[in-house]
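Novice: Predicted coordinates and the sequence they were generated for:
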Amino acid sequence: MAISTETSPAPPAPRKRVKQSTGRAGDKVFLGLSRGSGILLLVLMASIAAFLTYRSVLAISKDDTNFLTTFNWDPAAAKPTFGIAVLLFGTVVSSVIAMAIAVPVAVGIALFISHYAPRRLAAPLAYVVDLLAAVPSIIYGIWGALFLVPYLEGTNLWLDQYLGWTYIFDKTEVGVARSIFTVGVLLAIMILPIITSVSREVFLQVPRINEEAALALGATRWEVIRLSVLPFGRSGVISASMLGLGRALGETMAVATVLSPSFLISGHVLDAGGGTFAQNIAAKFDEANPLGRDALIASGLVLFILTLLVNGAARMIIARRKEYSGANA
Amino acid sequence: MSHATVQDVAPAPAAPHEPLASKHLPRWAPAGIAVLAVVLGVGIGAGAGWHSKVQWGLISALLFVVITYVTSTAVEGKRQAKDRIATSVVWVCFVLAVIPLASLIWETVSRGSKAFSIDFLTHSMAGVASFQPGGGVYHALIGTLEQVGIATLISVPIGLLTAVYLVEYGKGALAKAVTFFVDVMTGIPSIVAGLFILTLVLMLGLGPAGYLGSLALTILMIPVVVRSTEEMLKLVPNELREASLALGIPKWRTILKVVIPTAIGGITTGVMLAIARVAGETAPIMLLVFGSPMINSNPFKDPQSSLPFYIWDQYRVGSEASYDRAWAAALVLIAFVMILNLVARGIARWKAPKTGR
Amino acid sequence: MAKRIDVSGLTAYYSAHKAIEDISMTVEPRSVTAFIGPSGCGKSTLLRTLNRMHEVTPGGRVEGKVLLDDENLYSSSVDPVTVRRTVGMVFQRPNPFPTMSIFDNVAAGLRLNGRYKKSELNDVVEKSLKGANLWNEVKDRLNKPGSGLSGGQQQRLCIARAIAVEPQVLLMDEPCSALDPISTLAIEDLIGELKERFTIVIVTHNMQQAARVSDRTAFFNLSAVGQPGRLIELDETSRIFSNPSVQATEDYISGRFG
């Protein structure tokens, strides 16, 4: 457009110029609006960080003990004490269990859909997996509490019996399976669809010629996957897993319904007890006094930072992969 | 084979060429082994007196993989056996994952249909003691629709404009920063979004209301809308833009009249998927809207309920009747989300610009 | 090291579409046979049926026989994996494994077939790279990724990878179409050397190339778009280019169509 103004000084120019000036103004307004909403997002992110930090500082300054290492949550006491040690432990351990189960299985399902399933089955399967990724977490929560918990009791006894010597799977108390382990299993089931869905996309993007290269060397199906598909898809699977991890870390309702919480750190993952950031906020919010709310906000800030780190790592991996695939184009 | 020349050119131990024909397991072998493994698994499970079917399944799966490996190694050799083991592990993964996910849907439908009726959809919980049967989700439906509606009204324009900025104008540091923080926002847990609005509520001294929940949902929704819109706008071929610009149409009109209409199908899909996602969020509602058994159709004043919150609330009560209501509400919510998803994907397929894959 | 290929009554389909029909021909060992013909005549399809790569394409299936010496590739007891190990292939676009080093690319096929000592692998890799006329260019950077090479080098790397497993036959699907003239020349020289050891079949769009590198040339044609491709004639390259026995061949070669 800029060019046309410069190259048409001829008589019709005045009329044209009028038209274009409205165009220009429209452009300016539109650019302003769209850039404005971009900036708004940045402001929003900044204020999330700032406000959470501000309230957290208020809370932590009144905390009588060390916020990071205390095994207790009692902001209503005369000398308020609360700390996130148990929550951090529970959040990390349940997410680690979830990842340990979900990632291999999800990669398996993704490979199943992309390379093993009969063609006629593959497309509807992919569709169903995508739908399952949309099931709200509260539904996973009540399913976990009312259905999965009773079903896992036998498995937990079993784990105790055969793997009890590992300490981790030693079940020291009888009782229902409302443990960090059960939470981990439920989180695994929840994040399966999303990890599967992203991994499948990546596996389908493996260039044909790469797979044919392996085939033409006389590779079996598994060898094609090992030579061509997995190396190509590795970073995609990692970032998909990170996405799943982010969800597992911040999951509230599924944990709150299943876990029977306590403010203890126990290495025995089959015993009931423990807690996660999000679950603790959901459980303690109703009865919290003003300081209690700020204390919960402070724990939420830690969760926020944790998820930021995980997501940041995922983005960096994706960015690296882009450079890498660019070099090969 | 002329071995002399082989030796000349490749003294290295290149694989001696085996005959092309080789022994195979019959085609029905995997299915047969699967049946055998399940029978053995059930036998062992029943014999050992394990109650949990989970154990039976795990034993069967293990047996399947082991038997496959052993028979294939014996008949076909190591490499084929490895290939078979990979195939069977992949199948086992699939079956193991399908069972819980299918059970989730099945339980929701079968338990949910117990308390579900037209009355359930048209009545609130006003005057119904929580341990009694009866009552419904009418008030929660209104809450969900209003809260999600407001969130959509706020986040769609912002998300759309941001995506337009990123695709059509974005260059340099600002666009990079926006892209990065949109990614970061995608990962914000819903409870953190709720806590952020809560800090505002605490500072301004506001009471619980539906719109506060909407604001938290907006934070969750914007990045999804931006991402999907961005993807769709990128699919619009550059030739279209250039054709329009070459006619002397200003850029903003090109975007509004050519680019966005071309991508509108995909954008709608993205928005609907975003709606489906936030409609199931419980945590922010819990922190900001508080829930209420009454019908409150004013989203700007006083507590409101919402479907996911209702499920949580009924679950917490812990009586037989309230569990039934929780499942019935779960059925309504899942139906709502699934229909949104199906329609959205239908639109996507119907309106999709033809691309390679 | 090289085997004869006998194709008889071969018909190949993509789902319902018949791509080539009733092809019968013989490919002589230790020689270069070129497939030429207009686009869509099925020469690449035929090439891919020779190592059972055609059936990898969704909907691809084959009727008829392909005998490698005396074994039918399509008999039910034959494992396609074994076939592809015996009949190597080089593709139109160079496709080294992008995540692997040059060394690992060449060693990839061997590693599939069992465990080798490091020294044995070193020998085979060096031999194969020398065989592909690439050794001098890459010997100092064997551990660099193969994707860092130029297009022509990548294609020679793919040839080295294919010959490292000592196949009986080497199939080449327009191996120079993505390359510049100098790289093309290097590959053509290489084909001349490789035919001492392998049976080579090359698909090419470039008739000068067919005339330069091949001993025998097969001309394929189709009666109309959508119709299956057929073998028109197969003869010594010199005969095909000077005095073909079928009018259509002469028309194609003299540039009257195609």
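Specialist: In hand now; what should we look at? Bear in mind that the values here come from a model prediction, so they are computed numbers and not experimental data. Numbering: from 1, shown residues only, chains lettered A, B, ... in the order given.

Novice: Extract the C-alpha trace of stretch B:147-157 and format it as CSV.
Specialist: Taking Å, rounded to 0.1, in the frame of the first residue of the first chain, the C-alpha atoms of stretch B:147-157 are listed here in CSV:
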residue,chain,number,x,y,z
GLN,B,147,-19.8,-18.1,34.3
VAL,B,148,-18.5,-19.8,31.2
GLY,B,149,-20.4,-17.3,29.0
ILE,B,150,-18.8,-14.3,30.7
ALA,B,151,-15.4,-15.9,30.5
THR,B,152,-15.9,-16.6,26.8
LEU,B,153,-17.0,-13.0,26.1
ILE,B,154,-13.9,-11.7,27.7
SER,B,155,-11.3,-14.1,26.4
VAL,B,156,-12.4,-14.6,22.8
PRO,B,157,-11.8,-11.0,21.7
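
Novice: Closest to the centroid, which residue in chain A?
Specialist: A:Gly246 (2.2 Å; Cα atoms, centre = their mean).

Novice: Distance of that one relative to B:Val184?
Specialist: Note on A:Gly246: its distance to B:Val184, by Cβ to Cβ, to the nearest Å, is 10 Å. C-beta coordinates here come from the backbone N, C-alpha and C atoms, glycine included.

Novice: anything in contact with each of those two?
Specialist: Counting by Cβ atoms under 8 Å, 6 or more residues apart in numbering or on different chains, the contacts common to A:Gly246 and B:Val184 are A:Asn311.

Novice: circling back to that earlier point, with adjacent residues omitted, what lies nearest to the residue nearest to the centre of chain A?
Specialist: Counting by Cβ to Cβ, 6 or more residues apart in numbering or on different chains, A:Gly246 lies nearest to B:Gly187, which is 4.4 Å off, once chain neighbours are set aside.

Novice: B:Phe196 now?
Specialist: The shortest distance from B:Phe196 to any non-neighbouring residue, by Cβ to Cβ, 6+ apart, is to A:Ile48 (4.6 Å).

Novice: what's the neighbour count on that neighbour?
Specialist: 22 (other Cβ atoms under 10 Å in any protein chain shown).

Novice: And for A:Val96?
Specialist: So A:Val96, with other Cβ under 10 Å, has 15 neighbours.

Novice: And the pLDDT at the residue nearest to it when sequence neighbours are not counted?
Specialist: Among residues not flanking A:Val96 along the chain, A:Gly184 sits closest, at 7.5 Å (Cβ to Cβ, 6+ apart). Looking at A:Gly184, its pLDDT stands at 95.

Novice: now swap in B:Ile334 and tell me
Specialist: B:Ile334 carries a pLDDT value of 93.

Novice: Check whether the helix or strand that contains it comes into contact with chain A.
Specialist: If you go by DSSP states H and E, B:Ile334 is part of helix B:320-351. Yes - counting by Cβ under 8 Å from any Cβ of the partner chain, chain A is contacted by helix B:320-351 at B:Tyr323, B:Ala326, B:Trp327, B:Ala330, B:Leu333, B:Ile334, B:Val337, B:Met338, B:Asn341, B:Leu342, B:Arg345.

Novice: quick one on the thing from earlier: could you report the distance from the residue nearest to the centre of chain A to A:Ser95?
Specialist: Going from A:Gly246 to A:Ser95 by Cβ to Cβ gives 9 Å.

Novice: what do you get for B:Val337?
Specialist: The span separating B:Val337 from A:Ser95 equals 24 Å under the rule Cβ to Cβ.

Novice: Equivalent analysis for C:Arg156, please.
Specialist: On the measure of Cβ to Cβ, C:Arg156 and A:Ser95 end up 48 Å apart.

Novice: got it, and B:Pro208?
Specialist: From B:Pro208 to A:Ser95 the distance is 31 Å (Cβ to Cβ).

Novice: the more surrounded of the two?
Specialist: Neighbours were counted for B:Pro208 and for A:Ser95 using other Cβ under 10 Å; A:Ser95 has more, 27 against 18.

Novice: List phi and psi for the more buried one.
Specialist: Dihedral pair for A:Ser95: phi -70, psi -40, per degrees, to the nearest 10.

Novice: so what's it up against?
Specialist: Listed by Cβ under 8 Å, 6+ apart, the contact set of A:Ser95 reads A:Gly184, A:Leu187, A:Leu245, A:Ala248, A:Leu249.

Novice: The stretch 201-329 of chain A against chain C: which residues are in contact?
Specialist: So far as Cβ under 8 Å from any Cβ goes, the stretch 201-329 of chain A lies against chain C at A:207, A:209-210, A:212-220, A:223, A:227-228, A:231-232, A:327-328.

Novice: Domain boundaries for chain B, per the record?
Specialist: B:29-112, B:138-351 (automatic domain parsing).

Novice: thinking again about what came up before, just give me the closest of the residues of helix B:320-351 next to chain A to B:Lys301.
Specialist: Distance to B:Lys301, by Cβ to Cβ, is smallest for B:Leu333 among the residues of helix B:320-351 next to chain A, at 24.9 Å.

Novice: Once you drop chain neighbours, what's closest to the closest one?
Specialist: B:Leu307 (4.6 Å).

Novice: quick one, helices of the stretch 1-150 of chain B?
Specialist: Secondary structure of the stretch 1-150 of chain B (DSSP state H, counting those that start in this stretch): helices at B:3-9, B:29-48, B:53-76, B:78-115, B:118-122, B:138-164.

Novice: ugh, wrong one, I meant chain C
Specialist: C:43-49, C:80-86, C:102-112, C:118-131, C:135-138, C:151-164, C:181-194, C:207-213, C:237-242, C:247-253 (DSSP state H).

Novice: if we can go back for a sec, using ChimeraX, define a selection of the buried residues within the residues of the stretch 201-329 of chain A next to chain C.
Specialist: Per 16 or more other Cβ atoms under 10 Å in any protein chain shown, the buried members of these correspond to this ChimeraX selection:
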select /A:209,210,212,213,214,215,216,217,218,219,220,223,227,228,231,232
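
Novice: Now, the residues of the stretch 201-329 of chain A next to chain C that are in helices?
Specialist: Judged by DSSP H, the subset of those located in helices is A:Ile209, A:Asn210, A:Glu212, A:Ala213, A:Ala214, A:Leu215, A:Ala216, A:Glu223, A:Pro231, A:Phe232, A:Ala327, A:Asn328.

Novice: Next, give me the two most distant ones among these.
Specialist: Spatially, the most separated pair among those is A:Glu223 and A:Ala327, at 25.1 Å (Cβ to Cβ).

Novice: hey, which helix or strand in chain A has the poorest pLDDT?
Specialist: Of all helical and strand segments in chain A, the minimum by mean pLDDT, DSSP states H and E falls on helix A:2-7, at a mean of 42.

Novice: State the next helix or strand along the chain beyond that helix.
Specialist: Taking DSSP H and E, what comes next after helix A:2-7 is helix A:13-62.

Novice: What does the pLDDT read for the nearest residue to A:Thr70 once chain neighbours are set aside?
Specialist: Nearest residue to A:Thr70 in three dimensions, chain neighbours excluded: A:Gly83, at 2.5 Å (Cβ to Cβ, 6+ apart). The model reports A:Gly83 with a pLDDT of 89.

Novice: Kind regards, and thank you for your time.
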